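J.: got a sequence here, can you model it:
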Amino acid sequence: MSGNAARIQAISQIINRDLMPPKAPERLEEIWAENVFNLSKMQASLPKAVFKSIKKTIVTGEKLDPSVADAVATAMRDWAMSKGALYYAHVFYPMTNLTAEKHDGFISVQGDGSVISEFSGKVLVQGEPDGSSFPNGGIRDTFEARGYTAWDVTSPAYIMETDNGSTLCIPTVFVSWTGEALDKKVPLLRSISAMDKAARKVLKLLGNEEVAHVNSSCGAEQEYFLVDANFASQRPDLLLAGRTLFGKPPAKGQEFDDHYFGAIPERVQVFMQDVEETLYKLGIPAKTRHNEVAPGQFEIAPFFEAANVASDHQQLLMTILKHTAKKHGFVCLLHEKPFAGINGSGKHVNWSVGNSTQGNLLDPGDSPHENAQFLVFCGAVIRGVHKYGPLMRAAIATASNDHRLGANEAPPAIMSVYLGTQLEEVFEQIKTGSVSDSKHKGVMDLGIDVVPPLSKDAGDRNRTSPFAFTGNRFEFRAVGSNQSVSGPLIVLNTMLADSLDWIGNRLESELAEGADLSTAILTVLKEVMEEHSAVVFGGNGYSEEWHKMAVDERGLANLPTTADALPVLKEEYIEDLFEKTGVLTPVELESRFEVYAEQYILSIEVEAKLVVSMAKTVIYPAAVEYLSKLSSTMASLAGLGVSFEKDTAQKVADLTTSMMTTASKLEEAMKSHGFASTEEHMQHCAFALRPLMDEVRSYADALEGEVADSFWPLPTYQEMLFIK
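T.: Prediction:
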């Protein structure tokens, strides 16, 4: 098809599509976690002693007794096969940011040719995938292929149902033959352990006799776009890069604020209900759904869960969104900036810490100035963000997230902490050496008899802060929509472990010198605020004034691109942090820098190739064809003596020439090689390739505004964003 014929056909197919009939929702209580081998199913199928042992490991984090593996494997296999599963898979999370799995059958062929189903404890506990075929940053070579997966008992096994059958999925860690972590789960579990150890020490110093295992929890709000598959299939950039590399913004975007929390389109709601039913069966507590700010953008948000499980569930959620979208004729875009000129997508990671004896350790209560436990843990967070802000930035550094950060739609790349008026005042008092009061919650009377009085919080919210306190947790708002939450959680847990360890040592020192507990706490927190209060900011994080003040007056790091941020992983103080907490060895940390840097470089180089290819083979032919038609029409009109506007042809010719000239420059820049270091290669991508890509796009997008619609071959923003 030529010109816009394919677009017209796509629009016709969309508007004439029969909606997939919505299923009557099943009772939540009946389907909840029906596909999860959780504690209740274990209790019903395991001997009491085995169940007691494995429950202890899951709940308290104690070492797994290997003798229970055979009994658990048998029960797990029987349950899975009763659900129609004939295969199992060790699911793990390599540094690709994706999920990996290899399916093996329960089938075992006997000597007489008969078959039985078999699944031993040994197979449950350990697998052996290739350790060299996944990104490893030099830890493994092609001839050093052995890697191991090991069962993570704290994250429940589940059945993944598809139209092509069901599979028992067992969450695992992934390590090399030499013991290094090759995945995202190992360092996450280590960070939880380090944080637990430091937190329990501090809690005991604060006078708590009984202190249970301390865990971090996470609730990640997932934003995404939906585009009809008929349109997406005609966009090479969406297919290969996950975002549009060309596209003129429509006349109407998000200016009217009419999409946010608006009525969910019927077809989208049917899709959402399908997603939610799958999630509920997998025990994933999806709670909220709504339209987001940009047209075509939506959000799904779950309840809090233990960080390790939440991370696994977040990976599952992204997979389910993509798979379910296909069933409904959509493509789900998880890229942080799929469309220029409108908001991109993030993943707000709500993070807290707590246990079963002391509860949520980041809950200030009604009188935070009197809540020493909260003040100590909040102070530890403040210290951590100030000391390791550049590491937080590195944890969210990707080629795609760079488009979003600092663009007046997402937090800036400068890491700061928003506490709210109430807590800011309390910590300012601490800084002076005493604390006596805190602002209380109020009641708001609207003066309307039929509307009850509203409870008014003691502080406002700040949507421009990258790391904001929101009542009983911190919200890391700078995480990208396409990222695994493991990386940010590892950093948050590790920096908290370090700060709590420092605070614990200081408290011990003060108490040893004869100070009472209250005085010791105040002394230590005063030190924290004197040294680290520069990171606390309650103003407009989007403003130029803040960017200048943060760097020039407060000494905070501004790392606008991934090329600036990732080298932080090579800093000695970051290596020391991970090594002393036992979260990552220097070799493991170095491997992560190499893997993430390579992903950044490859992402930009793939996009650069696409920009050149689409400019040459898609946009240039359309512009030339239109120019030819325009020229012949102009000649005919001139022959008839008709006067008409002549500038368009020249404008199209000039824009086409500029686009192709710049595309050639980009092609030449892509040939550069022999970089002295990985850092230099990243800088080339960020500051040589990307500006040229943007320039090519600027000419192409201007052409879209000049070339007749009947000649334009690519589905437009107007079509993709507004036709559902």
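J.: C-alpha only now, for contacts and for neighbours.
T.: Fine.
J.: distance of residue 157 from residue 35?
T.: If you measure residue 157 against residue 35 using CA to CA, to the nearest Å, the figure is 9 Å.
J.: and the two? Which one has more around it.
T.: Neighbour count, other CA atoms under 10 Å: between residue 157 and residue 35, residue 157 has more, with 25 against 22.
J.: the more buried one contacts residue 171, correct?
T.: Yes - between residue 157 and residue 171 there is a contact under CA atoms under 8 Å: 6.3 Å.
J.: in this structure, which helix has the most residues?
T.: When the chain is scanned for its longest helix (criterion: DSSP state H), the result is helix 586-614.
J.: contacting residues around residue 303?
T.: The contact partners of residue 303, taken as CA atoms under 8 Å, 6 or more residues apart in numbering, are 219, 285-287.
J.: which helix or strand contains the closest residue to residue 564 other than its chain neighbours?
T.: Of all residues not flanking residue 564 in the chain, residue 683 sits nearest, at 8.0 Å (CA to CA, 6 or more residues apart in numbering). Secondary structure from DSSP states H and E places residue 683 in helix 678-684.
J.: and residue 532, that one's in a helix?
T.: Yes - per DSSP: H, G, I helix; E, B strand; the rest coil, residue 532 lies within a helix segment.
J.: how far is the longest strand seen in the chain from where the chain is centred?
T.: Of all segments of type strand in the chain, defined using DSSP state E, the longest is strand 215-228. Relative to its parent chain, strand 215-228 has a centroid offset of 7 Å by CA atoms, centre = their mean, to the nearest Å.
J.: and the helix or strand following it, what does it pack onto?
T.: Heading C-terminal from strand 215-228, the first helix or strand you meet, by DSSP H and E, is helix 229-232. On a contact count with 3 or more CA pairs under 8 Å, 6 or more residues apart in numbering; DSSP states H and E, helix 229-232 meets helix 5-15, strand 330-333.
J.: switch the cut-off to 10 Å
T.: Packed against helix 229-232 by the contact rule (3 or more CA pairs under 10 Å, 6 or more residues apart in numbering; DSSP states H and E) you find helix 5-15, helix 236-241, strand 330-333, helix 717-722.
J.: list the buried ones in the first one?
T.: It refers to helix 5-15. 6-7, 10-11, 14 (16 or more other CA atoms under 10 Å).
J.: can you list the helices and strands packed on helix 229-232 in a markdown table and add distance to residue 698 and mean pLDDT?
T.: Putting the helices and strands packed on helix 229-232 into a markdown table (distance: least, CA to CA, whole Å; pLDDT from 0 to 100) gives the following:
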| stretch | distance to residue 698 | mean pLDDT |
| --- | --- | --- |
| helix 5-15 | 22 | 85 |
| helix 236-241 | 16 | 97 |
| strand 330-333 | 23 | 98 |
| helix 717-722 | 15 | 96 |
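J.: now do the longest strand of the chain, average pLDDT.
T.: When pLDDT is averaged along strand 215-228, the result is 97.
J.: direction included, what does it pair against?
T.: Strand pairing for strand 215-228, using DSSP bridges, gives strand 297-302 (antiparallel), strand 305-306 (antiparallel), strand 330-333 (antiparallel), strand 347-355 (antiparallel).
J.: past the second one, which element shows up next along the chain?
T.: Meaning strand 305-306. Next along the chain from strand 305-306, counting by DSSP H and E, comes helix 307-327.
J.: alpha carbons of that next one, as CSV, please.
T.: Extracted C-alpha coordinates of helix 307-327, given in CSV (Å, rounded to 0.1, in the frame of the first residue of the first chain):
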residue,chain,number,x,y,z
ALA,A,307,10.2,-6.2,48.7
ASN,A,308,11.5,-9.5,47.3
VAL,A,309,8.0,-10.7,46.4
ALA,A,310,7.0,-7.3,45.2
SER,A,311,9.9,-7.3,42.8
ASP,A,312,9.0,-10.7,41.4
HIS,A,313,5.4,-9.6,41.1
GLN,A,314,6.4,-6.4,39.3
GLN,A,315,8.2,-8.4,36.7
LEU,A,316,5.1,-10.6,36.3
LEU,A,317,2.9,-7.5,36.0
MET,A,318,4.9,-6.1,33.1
THR,A,319,4.8,-9.5,31.4
ILE,A,320,1.0,-9.9,31.9
LEU,A,321,0.3,-6.3,30.6
LYS,A,322,2.2,-7.1,27.4
HIS,A,323,0.7,-10.5,26.8
THR,A,324,-2.9,-9.4,27.7
ALA,A,325,-2.6,-6.4,25.4
LYS,A,326,-2.0,-8.6,22.5
LYS,A,327,-5.2,-10.6,23.2
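J.: from the contact counts, what lies against it?
T.: Using 3+ CA pairs under 10 Å, 6+ apart, the elements in contact with helix 307-327 are strand 157-162, helix 185-205, strand 215-228, helix 266-281, strand 297-302, strand 330-333, strand 347-355, helix 486-512.
J.: of all these, which lies closest to residue 690?
T.: Nearest to residue 690, of all the helices and strands packed on helix 307-327, is strand 330-333, at 21.4 Å by CA to CA.
J.: can you list contacts of that closest one?
T.: 223-233, 238-239, 242-243, 267-268, 271, 297, 318-326, 345, 481-482, 724 (CA atoms under 10 Å, 6 or more residues apart in numbering).
J.: can I get the buried part of those as one PyMOL selection?
T.: In PyMOL, a selection of the buried entries from the contacts of strand 330-333 looks like this (16+ other CA under 10 Å):
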select buried, resi 223+224+225+226+227+228+229+230+231+232+238+242+243+267+268+271+297+318+320+321+322+323+324+325+345+481+482+724
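J.: quick one: average pLDDT of the helix holding residue 683?
T.: In this model, helix 678-684 carries a mean pLDDT of 97.
J.: with stretch 603-621 instead?
T.: 98.
J.: now do the residue nearest to residue 564 against residue 631, distance only.
T.: To residue 631, residue 683 is 44 Å away according to CA to CA.
J.: next one: residue 678
T.: According to CA to CA, residue 678 and residue 631 sit 49 Å apart.
J.: list the buried ones in stretch 174-184?
T.: Residues 174-177, 180-184 are the ones in stretch 174-184 that count as buried (16+ other CA under 10 Å).
J.: cool, stretch 430-437 as well?
T.: Buried residues in stretch 430-437, defined by neighbour count with 16+ other CA under 10 Å: 430-431, 434-435.
J.: what's the burial count for the nearest residue to residue 320 once chain neighbours are set aside?
T.: Of all residues not flanking residue 320 in the chain, residue 275 sits nearest, at 6.7 Å (CA to CA, 6+ apart). Residue 275 has 20 neighbours, counted by other CA under 10 Å.
J.: again with residue 524
T.: By the criterion of other CA under 10 Å, residue 524 has 21 neighbours.
J.: need the next SSE after the host helix or strand of it, C-terminal direction.
T.: Using DSSP H and E, residue 524 sits within helix 517-532. Downstream of helix 517-532, the first helix or strand assigned by DSSP H and E is helix 544-552.
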